[in-house]
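>>> Return a 3D structure for these sequence lines:
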Amino acid sequence: MTLSLTLEALDYSDRVKKSLNDLRRKAEIKGFRKGMVPMGIIQKMYGRTSLLEEVNKLISESLEKYLNDNNIKIIGEPLPNEDHTRQIDWDRDQTFTFVFDLILTPKVEITLSTDDHISIKEAKITKKDKDDFVESLRKENGRLLEMEAVESEDLLSVDLKQDDKLVNDTYITLRTLSEEEMKQPFLSLKVGDTVEIDLVKTYPNPSDRAALLKVKKEDIDDSNPKWQVTILQIKRYTPSPLDQEFFDQLFGQGVVESQEAFIKKVEEKMKKDAAAECDYRFSNDAREYLMNKCAIELPDPLLKRWLLLSNDGKFSMEEIERDYNAFSLDFRWQLIRGYLAKEHNISLSKEEMMFHAMRVAQYRFSSYGYHNVPIGDLEKFAKNILANEKEYSRVVEMAQDEKVFALIRSSVTLDPEKISFKKLMNHK
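Residues are numbered from 1 along each chain as shown. Sure thing, here's the model as predicted:
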């Protein structure tokens, strides 16, 4: 939608005059008493600035009034129309015409009924799935143990010697060597054994050689690449045994004290993880289904221009073009979610906001390895989240999403789809 706004002198002259009179009362200019500066001088000094300020204020007020009076909902701010731009002579012109592009908020109308069919995943968890899950937990929480003989994935503490050059206690990580022939000289060696290697062949990257030799890259001397390597220590990353240290690491001190209790906890975790993944899959399927059903058309060129202007140069048009598809999908969903929330009177109480903020807090603590965080600390962290404007908006979005998806789930026909635990969790 294009909107034209014309301002005559009668519309803004009184406002400009008042602005200049206010400036005259406050002006302190050498040779004149305060408030007694001739208006001609004030006009010369501040006339154009006052005109620009008052015209801009009048434009903003007029646009807002027009939109409110006509109940027009728009996205963002009115954009200057690129086809109706001309140079304004602020010293001579008295009539100003401005043309704006309005990005109208797309109309959304969508109903939910049992005629709508959306897939919902149901996980099948077998004994092998449980065994594999336990093994993955053991590997994820493995330990570095000292070994007697070198194998292909080991971490070696070594001394390097070349003539009178000696590098003490440096490290060779066999797992990171890209070719098997690079590892071959070390295999089966024991602590105290010595082997000669070609350092350039073993570490083709100069930065890697510099790190091993504990020197700057520019100080490397490759004229003689042969070095004597003496094994000081052999360590191997091995899956954690099913012991109390492992149980405490996963679930907290003393929460699990036997293998039977551990297996029960693992089963609970697998079911919880599967349920969360099924919910995530449902949310994706529901979003896609409703966006296809609603088929919202967006004014893409205008939206791209709005994104460019509203971000004050933070993004180029090339970057906006690259990411626009993801933006438009998310924006369509925001419109649908907002419509459903309004139509079904979905609101969020302070208690619900606090609950969701505490979930965010718990997730962040867990990502840093802190489990069983005291409730008081969670509440304090959650309050800090809600006090931050951006964080608050994210929590609102998450909480509203959850309520809207619960509404969808209770309103449509769910088509169960059995899926193996492994396939379910390997979605990335």
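>>> can you point me to the longest helix in the chain?
Counting by DSSP state H, the longest helix found in the chain is helix 259-294.
>>> Now do that one: which elements does it pack against?
strand 117-124, helix 127-140, helix 244-251, helix 317-343, helix 389-411, helix 421-425 (3 or more CB pairs under 8 Å, 6 or more residues apart in numbering; DSSP states H and E). The C-beta positions use only the backbone N, C-alpha and C, and glycine is treated the same way.
>>> if we compare those, which one ends up closest to residue 304?
Residue 304 lies closest, by CB to CB, to one member of the helices and strands packed on helix 259-294: helix 317-343, at 5.5 Å.
>>> what is the orientation angle of that closest one with helix 259-294?
On the basis of axes from the mean of the first three to the mean of the last three CA atoms, to 10 degrees, helix 317-343 is oriented at 100 degrees to helix 259-294.
>>> Using PDB, write out every CA atom in the helix or strand that helix 317-343 is followed by.
Tracing the chain past helix 317-343, the next element assigned as helix or strand by DSSP states H and E is helix 350-367. Output of helix 350-367 as PDB, limited to C-alpha atoms (Å, rounded to 0.1, in the frame of the first residue of the first chain):
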ATOM      1  CA  LYS A 350       3.800 -14.200  36.000                       C
ATOM      2  CA  GLU A 351       4.000 -17.700  37.500                       C
ATOM      3  CA  GLU A 352       4.200 -19.200  34.000                       C
ATOM      4  CA  MET A 353       6.800 -16.800  33.000                       C
ATOM      5  CA  MET A 354       8.900 -17.600  36.100                       C
ATOM      6  CA  PHE A 355       8.500 -21.300  35.400                       C
ATOM      7  CA  HIS A 356       9.800 -21.000  31.800                       C
ATOM      8  CA  ALA A 357      12.600 -18.700  32.900                       C
ATOM      9  CA  MET A 358      13.700 -21.300  35.500                       C
ATOM     10  CA  ARG A 359      13.700 -24.000  32.700                       C
ATOM     11  CA  VAL A 360      16.000 -21.800  30.700                       C
ATOM     12  CA  ALA A 361      18.200 -21.300  33.800                       C
ATOM     13  CA  GLN A 362      18.300 -25.000  34.500                       C
ATOM     14  CA  TYR A 363      19.300 -25.700  30.900                       C
ATOM     15  CA  ARG A 364      22.100 -23.300  31.000                       C
ATOM     16  CA  PHE A 365      23.500 -24.600  34.200                       C
ATOM     17  CA  SER A 366      23.300 -28.200  32.800                       C
ATOM     18  CA  SER A 367      25.200 -27.100  29.700                       C
END
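>>> neighbouring contacts of helix 350-367?
Here helix 350-367 makes contact (CB atoms under 8 Å, 6 or more residues apart in numbering) with 371, 373, 378-379, 381-383, 385-386, 391, 394-396, 398-399, 402.
>>> Check which residues of it are buried.
353, 354, 356, 357, 358, 359, 360, 361, 362, 365 (16 or more other CB atoms under 10 Å).
>>> Equivalent analysis for stretch 383-402, please.
Of the residues in stretch 383-402, 385, 386, 395, 399, 400, 401, 402 count as buried by neighbour count, 16+ other CB under 10 Å.
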